[in-house]
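Asks: sharing a sequence plus its predicted fold:
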Amino acid sequence: MLDRSRCEMCRRPLGARDLIPIASYLMLRGRCRGCGTRIAPFHLAVEMAALGVAGVAAATLPDDATLCCGCGLGWTLLALAWIDWDAFILPDALTLPLVLAGLATTAWLEAERLTDHAVAAALGYLLFRGVAWAYRRLRGRDGLGEGDAKLMAAAGAWVGITALSSVLVGGALLTLAAGLVDAVRKGEGFRASKRLPFGPGLCAALWAVWLLSFR
């Protein structure tokens with residue numbers, strides 16, 4: 001059974017009025033109601049990002065059906081990006097349902113393209129597993145995790161074969177840019193061996209490519 005949300009410091013269970021996105025943080029002035037410990041601003045940033053996802057989806061997508069799908073996709077990708085950036089992991093509990101959701105959404109909105117999207121999901125997964133295998137053979141260490149391959153499978157399920165390359169290129173460029181910014185911020189050189197999470201870049205690219213398919 002899942003435990004209730006608690007303050008990370010005093011372990012006080014959080015009630016409904018403590019869990020209202022954005023509003024609770026502002027009303028509590030960024031501190032725990034029980035012990036007064038400062039709540040990390042990152043939580044507010046994620047809540048604002050989730051609101052931004054809904055806003056962009058509402059402004060971009062043509063109807064309620066695609067809006068519901070778009071919000072579900074965007075919020076899941078936001079969670080995946082956050083987890084991978086923080087812990088270098090893309091959990092199966094999010095990536096695998098995202099593959100199924102992409103195929104189900106395609107079957108609902110564009111049934112004639114279901115085969116294309118199913119093939120793209122398989123292709124995305126196999127491509128990344130192949131790259132990971134080759135990198136390990138050449139460099140003697142892991143370069144891509146299996147979670148990245150499952151996320152790429154989800155990308156194929158959502159955007160299809162034609163747009164899959166755009167997700168890959170966009171994700172790679174965004175990851176490289178994030179690595180360069182991080183190196184500059186820390187005042188260190190950018191090394192080829194620097195470990196970077198690929199998930200956030202792929203998530204952002206997938207979100208953008210899927211939204212642009214409706215323009």
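Replies: That came through, no problem. Residues are numbered from 1 along each chain as shown.
Asks: by contact count, what packs against the helix or strand bottoming out on mean pLDDT in the chain?
Replies: Using mean pLDDT, DSSP states H and E, helix 23-27 stands out as the lowest-scoring helix or strand of the chain, at a mean of 87. Packing contacts for helix 23-27, counted by 3 or more C-beta pairs under 8 Å, 6 or more residues apart in numbering; DSSP states H and E, involve helix 41-60. Bear in mind the C-beta positions are built from the backbone N, C-alpha and C, glycine included.
Asks: tell me the buried residues in the helix it packs on?
Replies: The neighbour-count check on helix 41-60 (16 or more other C-beta atoms under 10 Å) flags L44, V46, E47, A50, V53, V56, A57 as buried.
Asks: likewise for stretch 201-215?
Replies: Residues G201, L202, C203, A204, A205, L206, W207, A208, V209, W210, L211 are the ones in stretch 201-215 that count as buried (16+ other C-beta under 10 Å).
Asks: and what of stretch 79-95?
Replies: Buried residues in stretch 79-95, counted by 16+ other C-beta under 10 Å: A79, L80, A81, W82, I83, D84, L90, L94, T95.
Asks: chain center to it, what's the gap?
Replies: Here stretch 79-95 is found 7 Å from its chain centre; the criterion is C-alpha atoms, centre = their mean, to the nearest Å.
Asks: can I get it in PDB, CA atoms only?
Replies: Taking Å, rounded to 0.1, in the frame of the first residue of the first chain, the C-alpha atoms of stretch 79-95 are listed here in PDB:
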ATOM      1  CA  ALA A  79       7.800  13.000 -14.700                       C
ATOM      2  CA  LEU A  80      10.300  10.900 -16.700                       C
ATOM      3  CA  ALA A  81      12.500  13.900 -17.500                       C
ATOM      4  CA  TRP A  82      12.600  14.900 -13.800                       C
ATOM      5  CA  ILE A  83      13.400  11.400 -12.600                       C
ATOM      6  CA  ASP A  84      16.100  10.800 -15.200                       C
ATOM      7  CA  TRP A  85      17.800  14.200 -14.600                       C
ATOM      8  CA  ASP A  86      17.800  13.500 -10.800                       C
ATOM      9  CA  ALA A  87      18.500   9.800 -10.700                       C
ATOM     10  CA  PHE A  88      19.600   8.600 -14.200                       C
ATOM     11  CA  ILE A  89      16.700   6.200 -14.400                       C
ATOM     12  CA  LEU A  90      13.700   5.900 -16.600                       C
ATOM     13  CA  PRO A  91      11.300   3.600 -14.700                       C
ATOM     14  CA  ASP A  92       9.400   0.800 -16.500                       C
ATOM     15  CA  ALA A  93       6.300   1.900 -14.600                       C
ATOM     16  CA  LEU A  94       6.200   5.000 -16.800                       C
ATOM     17  CA  THR A  95       7.900   4.000 -20.000                       C
END
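Asks: okay, the closest residue to V56 other than its chain neighbours: pLDDT?
Replies: Excluding the flanking residues, the one nearest V56 by C-beta to C-beta, 6 or more residues apart in numbering is L211, at 7.1 Å. pLDDT recorded at L211 is 96.
Asks: let me know the closest of the buried residues of helix 41-60 to L196.
Replies: Distance to L196, by C-beta to C-beta, is smallest for V46 among those, at 20.3 Å.
Asks: list the residues that contact L67.
Replies: The contact partners of L67, taken as C-beta atoms under 8 Å, 6 or more residues apart in numbering, are A57, A58, L61.
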